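Engineer: The sequence and its predicted three-dimensional model are supplied below.
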Amino acid sequence: MDLDFAQLRRLLPHGPGMVLLDRVEELEPETGLTAFKTISGGEPCYALLDGSAGIDAFAYPASLLLESFGQAAAVLWLCSTPAAERVLMFAGAKECEFTGHAYPGDTVRHVVRLEHRSEGAAFVSGHTLVGERRIASYGSLTAVVRPRSALPEPAAVASITTG
Amino acid sequence: MADGDLYLEELRELVAEVLEVEPEELTDTGDFQAEYEADSLRAIEMLARIEKKYKIAIPQKELANMQNLKAVYEVTASYANWPKG
Amino acid sequence: MNTVAAPTSACERVEAIPQNGVLLVRGRKIIDGDGPYLPDHFPTITIFPGVFILETVVRSVAKVLGRDALSVVKVRSLRFLVPLYPGDELRFEAKVSTDPVLIKAICVRADDVKVATLSVECG
């Protein structure tokens, strides 16, 4: 099964500027998928770079690569489980390595494997490539399922209401 | 009862890894939250690892009954049909 | 002037204290709901992305080390425990060693509730 960008935008709860995936291919529910994202120099993470910055400064941040991979994992989970009023929260990661970089113009390819799915969580592993060059590997990523209504109170609000 | 001991020790290693302590430091009745700084995320990880290792499914609600190693053994044993410890 | 791409900023207030051969680094930042990406995470309720907590700590450590281009090379462990919302204060305390740069940090909110822990290597 393949998913185009319009389908990804409908599937993920993220607003458009935070959907860090362009396309999904080879989606096998309960097993895995391949996801693509093309890096663009117009992205917000590059907006504050000094005009004299060389190309090294445009290395796509590892934090965003991790988030992009996490979203691919969320897509796999959402397509493996009946839809419900729930939020998938990125809960953790272990043993990830970032061995290379992606730059504007590169298309990153995430290969995601579902390791385990339980009632309240999903565990995935995988790696990211640019062409045939592996730039990241993820030992384990954890996402936990929360009903939307169970999101805790913001601390600022909680302290006002409880004194 | 030898099988039960083996399973208990397997669980001790598994839980110790999740809690990031040495297996020797993990007592049978030490409360995970009070003595090993466990939080709900570690509890979920522990449950998932047990499910995956023994190929069983344990409902999240059982986490309330899995606050120390002995309790974890008992809940796991009932879902995996092990001898009672 | 920014010399490296980042989705979020370092803490404005960062201090570094040498202690027993490592550097104890502390920082605080109020979460700004209008920052880049945030209105889209999520449209119904804004939550500070967990990976931005990681980025905040790394950029803050880079600031005190004077190494702007510091980036994450390995994530040993990253745990997000409680969401942060706009207006919340993110506080972190990190033990940092250099050569290689290893960062072990605990992040809390203003009410001392733990929000994240991380152990990463940077280069």
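Structural biologist: On my side now, so go ahead. Residues are numbered from 1 along each chain as shown, chains lettered A, B, ... in the order given.

Engineer: contacting residues around the residue of chain C at minimum distance from chain A?
Structural biologist: With Cβ to the nearest Cβ as the measure, residue C:40 is the residue of chain C nearest to chain A, at 2.8 Å. From N, CA and C alone the C-beta is placed, and that goes for glycine too. Residues near residue C:40 by Cβ atoms under 8 Å, 6 or more residues apart in numbering or on different chains: A:14, A:15, A:16, A:17, A:18, A:19.

Engineer: Looking at the residues you listed, which is nearest chain C?
Structural biologist: Nearest to chain C among those, with distances taken as Cβ to the nearest Cβ, is residue A:15, at 2.8 Å.

Engineer: does that closest one really touch residue C:39, like I thought?
Structural biologist: Yes - using Cβ atoms under 8 Å, residue A:15 makes contact with residue C:39 at a distance of 6.4 Å.

Engineer: one step back: how about JSON lines for the contacts of residue C:40, with neighbour count and pLDDT added?
Structural biologist: Converted to JSON lines, the contacts of residue C:40 look like this (neighbours: other Cβ atoms under 10 Å in any protein chain shown; pLDDT from 0 to 100):
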{"residue": "A:14", "neighbour count": "21", "pLDDT": "91"}
{"residue": "A:15", "neighbour count": "17", "pLDDT": "93"}
{"residue": "A:16", "neighbour count": "10", "pLDDT": "91"}
{"residue": "A:17", "neighbour count": "14", "pLDDT": "92"}
{"residue": "A:18", "neighbour count": "22", "pLDDT": "94"}
{"residue": "A:19", "neighbour count": "19", "pLDDT": "95"}
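
Engineer: Contacting chain C as well, which ones from the residues you listed?
Structural biologist: A:14, A:15, A:16, A:17, A:18, A:19 (Cβ under 8 Å from any Cβ of the partner chain).

Engineer: quick one, what contacts the third one?
Structural biologist: Put plainly, it is residue A:16. Per Cβ under 8 Å, 6+ apart, neighbours of residue A:16: A:9, C:40.

Engineer: ok, it to chain B distance?
Structural biologist: 29 Å (Cβ to the nearest Cβ, to the nearest Å).

Engineer: How about the fifth one?
Structural biologist: Note on residue A:18: its distance to chain B, by Cβ to the nearest Cβ, is 23 Å.

Engineer: Likewise for residue C:68?
Structural biologist: Here residue C:68 is placed at a distance of 32 Å from chain B (Cβ to the nearest Cβ).

Engineer: wait, doesn't that residue sit right on residue C:4?
Structural biologist: Yes - counting by Cβ under 8 Å, residue C:4 is a contact partner of residue C:68 at 5.6 Å.
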